[in-house]
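In: Next input, structure requested:
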Amino acid sequence: MTNKEFALHDVVEMKKQHPCGENRWKIIRMGMDVRIKCLGCQHSVMLPRKEFAKKIKKILEHSAD
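Out: From the prediction side, this is the model:
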């Protein structure tokens, strides 16, 4: 993915799907770390920004902000 412009409240697709079967995540916190929440089971995960940028596949929905 060449364009890694993501923002708070964007819905993204990750390269690997979550064990619950969902592949869509919402960005709920940004800083040095990025916290994302699974849209299937509501589980949240915190990743370092660099690791998150590597694991993101594409942005599905941009935030309304």
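In: For the rest of this, base every contact and every neighbour count on C-alpha atoms.
Out: OK.
In: In a helix, residue 50, correct?
Out: Yes - assessed with DSSP: H, G, I helix; E, B strand; the rest coil, residue 50 lies in a helix.
In: Would you mind measuring from it to residue 6?
Out: Going from residue 50 to residue 6 by C-alpha to C-alpha, to the nearest Å gives 12 Å.
In: which one of these two has more residues nearby?
Out: residue 6 (18 against 11; other C-alpha atoms under 10 Å).
In: Not counting residues beside it along the chain, what's closest to that one?
Out: residue 59 (7.3 Å; C-alpha to C-alpha, 6 or more residues apart in numbering).
In: For that neighbour, list the residues it contacts.
Out: 6, 10, 11, 12, 13 (C-alpha atoms under 8 Å, 6 or more residues apart in numbering).
In: Repeat that for residue 60.
Out: Counting by C-alpha under 8 Å, 6+ apart, residue 60 makes contact with 10, 11, 12, 13.
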